[in-house]
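Colleague: please find the sequence and the predicted model below.
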Amino acid sequence: MSTVDVLTDQAMVLLQDRPVVPLTTWMADAIGDCAESGRTLQLVTPLDSRLSLPLRVVASGPGVQWVVRNADGYYEGLTGRPLQWSGGTFMPVPEARDYAPGFTTRPTAPIGAQLSLTYRLRHGSGGALGGPVQRLLQLLTGKAPAGWGPAEPLQHPWHPDRLTEYVRGRAAARLIVVGDGPRPAQAVGEFAADGGAVSEVTTVTVGYAPEDTPPLKHLPSLIGAMGAAQPLSSLFAQLIPGRADLTVEARWTGAAAPIGMAVTGTVTGPAGLPGQQVGPAGNPLTLFPLGDGRSPDGWQRHRMLMQHLQSTAAHA
């Protein structure tokens with residue numbers, strides 16, 4: 001159980017002093033309350049606290065901010081931007097020109113890599129919804145998921161039919177799925193009703209220790225296998241420097257970099273960025289290699305590809 005420590009017209013402030021802060025049921029409800037009232041949920045922790053992967057995903061979007069208390073100041077945990085209390089909310093320090101000192105301190109654990117794959121698809125009006133995330137976790141870890149739920153700790157063992165019933169009974173749902181393989185693996189999925197159909201955007205993340213190499217050379221066949229099992233709209237792969245246990249510290253650990261993006265159909269890319277067909281001939285995907293997951297140059301190719309695809313769609 002948690003309590004609201006400060007409530008203003010602009011923000012709901014929660015103080016948490018624990019080693020790892022998860023996305024609990026209470027916190028998920030508080031985030032929903034803030035969305036309805038137009039407030040920002042500001043989660044305040046000490047420097048040595050970490051966020052779970054699901055809470056990091058939520059804090060990366062609008063409406064939730066991780067505020068880190070260190071020495072005599074505050075900063076944004078995911079960006080290092082110095083903050084100050086205005087009387088109604090935490091705001092950026094106007095004169096700040098650098099990261100907060102705590103953000104640039106050495107991480108407390110070895111930094112490996114987190115392989116992140118985000119897929120988008122549209123489910124029909126019938127059928128199970130848990131198949132794609134189960135398939136991707138099986139391909140990445142060798143085992144089916146262990147459990148699922150809307151908050152941490154997860155309440156349900158893995159049953160795709162029960163996940164389907166939960167999602168189809170709501171206009172929108174955010175769900176967490178945890179893997180059961182030898183490496184930490186989690187998925188965070190966003191589902192939204194669209195007429196009788198359901199749209200899904202899910203990110204699956206697997207943690208690798210520094211001495212453990214992510215299977216990047218197998219991604220084309222993995223993406224093809226995903227497309228064979230379920231028609232995908234797109235799939236984007238990137239590497240994120242981070243802890244193998246998938247938690248995040250309020251410290252700089254490096255920038256994410258893209259690996260590749262697959263889109264449905266046989267698609268021609270922009271000049272200098274050829275694609276390759278993966279998956280079955282009857283339901284192909286075109287995979288565009290973007291980088292090695294280490295170099296920031298891949299983001300330029302990503303922008304070129306997205307601009308090309310958007311332009312092509314506009315003239316279709």
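Modeller: Everything's here; your move. Quick caveat, the model's predicted, so the values are computed rather than measured.
Colleague: list the contacts of stretch 163-172.
Modeller: Residues outside stretch 163-172 that contact it (CB atoms under 8 Å, 6 or more residues apart in numbering): 127-130, 148, 150, 156, 173, 175, 190-193, 198. Every residue, glycine included, has its C-beta placed from N, CA and C.
Colleague: switch to 10 Å and redo it
Modeller: With contacts defined as CB atoms under 10 Å, 6 or more residues apart in numbering, stretch 163-172 is touched by 123, 125-131, 133-134, 145, 148-150, 156, 159, 173, 175, 177, 189-194, 196, 198-200.
Colleague: stretch 99-109 now?
Modeller: Against stretch 99-109 from outside (CB under 10 Å, 6+ apart): 46-48, 50, 68-71, 73-83, 93, 98, 209, 241-245, 247, 249-254.
Colleague: for it, list every residue counted as buried.
Modeller: 99, 100, 102, 103 (16 or more other CB atoms under 10 Å).
Colleague: farthest-separated two in those residues?
Modeller: 99 and 102 (8.7 Å; CB to CB).
Colleague: show me where the stretch 1-150 of the chain has its strands.
Modeller: Under the criterion DSSP state E, counting those that start in this stretch, strands of the stretch 1-150 of the chain are mapped to 6-7, 11-15, 20-21, 40-46, 50-51, 64-70, 73-76, 82-85, 90-92, 112-123, 147-149.
Colleague: residue 20: neighbouring residues, count only.
Modeller: 14 (other CB atoms under 10 Å).
Colleague: ok, it to residue 249 distance?
Modeller: 10 Å (CB to CB, to the nearest Å).
Colleague: mutual contacts of those two, please.
Modeller: With CB under 10 Å, 6+ apart, residue 20 and residue 249 have common neighbours 49, 50, 51.
Colleague: ok, the last one touching residue 24?
Modeller: No. Counting by CB atoms under 10 Å, no contact exists between residue 51 and residue 24, whose distance comes to 12.0 Å.
Colleague: need the residues touching each of these two.
Modeller: Between them, residue 51 and residue 24 share the contacting residues residue 16, judged by CB under 10 Å, 6+ apart.
Colleague: can I get the strands of the stretch 1-150 of the chain in JSON lines with distance to residue 167?
Modeller: Formatted as JSON lines, these follow (distance: least, CB to CB, whole Å):
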{"stretch": "strand 6-7", "distance to residue 167": "31"}
{"stretch": "strand 11-15", "distance to residue 167": "27"}
{"stretch": "strand 20-21", "distance to residue 167": "26"}
{"stretch": "strand 40-46", "distance to residue 167": "24"}
{"stretch": "strand 50-51", "distance to residue 167": "25"}
{"stretch": "strand 64-70", "distance to residue 167": "22"}
{"stretch": "strand 73-76", "distance to residue 167": "32"}
{"stretch": "strand 82-85", "distance to residue 167": "36"}
{"stretch": "strand 90-92", "distance to residue 167": "34"}
{"stretch": "strand 112-123", "distance to residue 167": "9"}
{"stretch": "strand 147-149", "distance to residue 167": "10"}
